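> Predicted model follows, preceded by the sequence.
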Amino acid sequence: MSGRFVLLFRKIVLVLGWLSLTIFCVFSQTNRRYGLSLQTDNDSYLMKGQDQYYTNGLVMAFDKPLAKTSVRVDLLRAQLGHQLFNGTEIYGVEDLKWDRPSTGRFFLNAQFQRTYVKDWLWNVKVEISTLGKAGKGEEIQRFIHKKFHMYEVESWESNINSAIGVDLEASVAKTLWRNQANSFEVSTAASGRVGTDFTNLSSQVFFRVGKLAPLSRSYFVGNGGFFSDDMECYFFCSPGYTYQFYNATIQGALFSRRQGQHYSIEKQLFTQTVGIAYSRKRFSIEVGFLFNTKEGREMYSNHQYGRIKGGIRF
């Protein structure tokens, strides 16, 4: 299975490279007014033979700078994505066969972000989604597995009921300290989310080492490459904490839960993200690895997956 995902990984890199080269050749102006990015998440990127929990995600994003003044930068972002979740078969539990539901989730969101030159920002987001059978996870996964001659996934009998979700989220972030050489930075972020899919509070601390730019011009928060040609290349490490009140991908849709299926969430979730990012002028790329504790009480183990993200500005 890992060999087939290596082939898939190579294809994704080739597509991102071709797309970046094409747009670089077509759009040669200095003033870059738009940004496009593609993010892919998969637990098989870690080459551990794992295929469970949050097993696959694909997110396309469109960025548009709205305004730049001497004190702030405004950015509008829209994302369209899909996520796949699978459970692992369990034994000895009378009313459960899988340790979490298998489900798919389409989502579309819009975000407004204001970044200040004093190195802090706030962000608001509204997101709509389709979850459960309406998320078409089973059809998408069966197509992918058939295309790459992989095994047939049996856990879709645990899929949750179809539902439409609406979530609202707000976050703030602030640089706490950066050395004079702009090579090491400590920053923090906090966010709150409420809705029919996810309701939680979370916080993170970010450590970055490398060649860094101020937040108002940094790829780190999405501003890189629009108003300057600053080159950034840095390693990052980000421990985080989330307190969950509700998670519809585990507990089922808020107003259409499936009868006889009772999953519980772990209230406290700890996360760790490590990776490397590069951004210069039009092009950016990021590779990261995410390690999470168990989201659900019935889940056998913690979870980890890889992330690859590439983007262009034009």
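That came through, no problem.
> contacts and neighbour counts: CA atoms only from here.
OK.
> what bits of this protein have low per-residue confidence?
Along the chain, the parts satisfying pLDDT under 70 run over 1-30, 49, 92-94, 260-261.
> which stretches of it form strands?
Here the chain has its strands, by DSSP state E, at 35-42, 53-68, 72-86, 103-116, 120-132, 163-178, 184-195, 198-211, 232-247, 268-280, 283-292, 303-313.
> right, and the ones you listed - which one's nearest residue 257?
Comparing these by their distance to residue 257 (Cα to Cα), the top pick is strand 163-178, with 9.3 Å.
> Can you add distance to residue 259 and mean neighbour count and give the strands of the chain back as TSV?
Below are those laid out as TSV (distance: least, Cα to Cα, whole Å; neighbours: other Cα atoms under 10 Å):
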stretch	distance to residue 259	mean neighbour count
strand 35-42	30	21
strand 53-68	22	19
strand 72-86	19	20
strand 103-116	16	22
strand 120-132	14	20
strand 163-178	15	18
strand 184-195	22	18
strand 198-211	20	19
strand 232-247	17	19
strand 268-280	26	18
strand 283-292	29	19
strand 303-313	27	22
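> Those strands into JSON lines, with extra columns for distance to residue 141?
Below are the strands of the chain laid out as JSON lines (distance: least, Cα to Cα, whole Å):
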{"stretch": "strand 35-42", "distance to residue 141": "12"}
{"stretch": "strand 53-68", "distance to residue 141": "9"}
{"stretch": "strand 72-86", "distance to residue 141": "8"}
{"stretch": "strand 103-116", "distance to residue 141": "9"}
{"stretch": "strand 120-132", "distance to residue 141": "13"}
{"stretch": "strand 163-178", "distance to residue 141": "19"}
{"stretch": "strand 184-195", "distance to residue 141": "27"}
{"stretch": "strand 198-211", "distance to residue 141": "23"}
{"stretch": "strand 232-247", "distance to residue 141": "22"}
{"stretch": "strand 268-280", "distance to residue 141": "26"}
{"stretch": "strand 283-292", "distance to residue 141": "22"}
{"stretch": "strand 303-313", "distance to residue 141": "17"}
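> Relative to residue 145, which of the ones you listed is closest?
Among the strands of the chain, if distance is taken as Cα to Cα, the winner is strand 53-68, at 12.1 Å.
> what's that closest one in contact with?
For strand 53-68, the surrounding residues in contact (Cα atoms under 8 Å, 6 or more residues apart in numbering) are 33-44, 73-88, 100, 102, 226, 303, 305.
> redo that, cut-off 7 Å
Residues from elsewhere that reach strand 53-68 (Cα atoms under 7 Å, 6 or more residues apart in numbering): 33-43, 73-87.
> Run the chain-centre distance for that strand.
Offset of strand 53-68 from its chain centre (Cα atoms, centre = their mean, to the nearest Å): 8 Å.
> about what we covered before: quick one, which of the strands of the chain is nearest to residue 144?
strand 53-68 (10.7 Å).
> Adjacent strands (with direction) for that closest one?
Paired with strand 53-68 in the same sheet, following DSSP bridges, are strand 35-42 (antiparallel), strand 72-86 (antiparallel).
> okay but residue 307 is in contact with residue 41, surely?
Yes: with contacts counted by Cα atoms under 7 Å, residue 307 reaches residue 41, the gap being 4.5 Å.
> Can you give me the end-to-end span of stretch 211-222?
16 Å (Cα to Cα, to the nearest Å).
> buried set for that stretch?
Going by neighbour count (16 or more other Cα atoms under 10 Å), the buried part of stretch 211-222 is 211, 212, 213, 214, 215, 216, 217, 218, 219, 220, 222.
> and which of these is nearest residue 275?
residue 220 (12.1 Å).
> what separates the closest one from residue 142, distance-wise?
Taken as Cα to Cα, the span from residue 220 to residue 142 is 35 Å.
> who's the closest residue to residue 102 other than its chain neighbours bridged to?
Nearest residue to residue 102, sequence neighbours excluded (Cα to Cα, 6 or more residues apart in numbering): residue 86, at 4.2 Å. Bridge pairing for residue 86 (DSSP bridges) gives the partners residue 53.
> for residue 86, what are its contacts?
52, 53, 54, 55, 101, 102, 103, 155.
> what do you get for residue 101?
For residue 101, the contact set (Cα under 7 Å, 6+ apart) comprises 86, 87, 158, 159, 160, 250.
> 6 Å - rerun?
By Cα atoms under 6 Å, 6 or more residues apart in numbering, residue 101 lies in contact with 87, 158, 159.
> which residues sit in contact with the last one?
With contact taken as Cα under 6 Å, 6+ apart, residue 159 is in contact with 101, 102, 103.
> Distance to residue 294 for those residues - can I get that in TSV?
Formatted as TSV, the contacts of residue 159 follow (distance: Cα to Cα, whole Å):
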residue	distance to residue 294
101	14
102	15
103	17
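> Quickly list what the nearest residue to residue 309 once chain neighbours are set aside is bridged to.
Leaving aside its chain neighbours, residue 309 sits nearest to residue 39 (4.2 Å; criterion: Cα to Cα, 6+ apart). Note on residue 39: beta-bridge partners by DSSP bridges are residue 59, residue 309.
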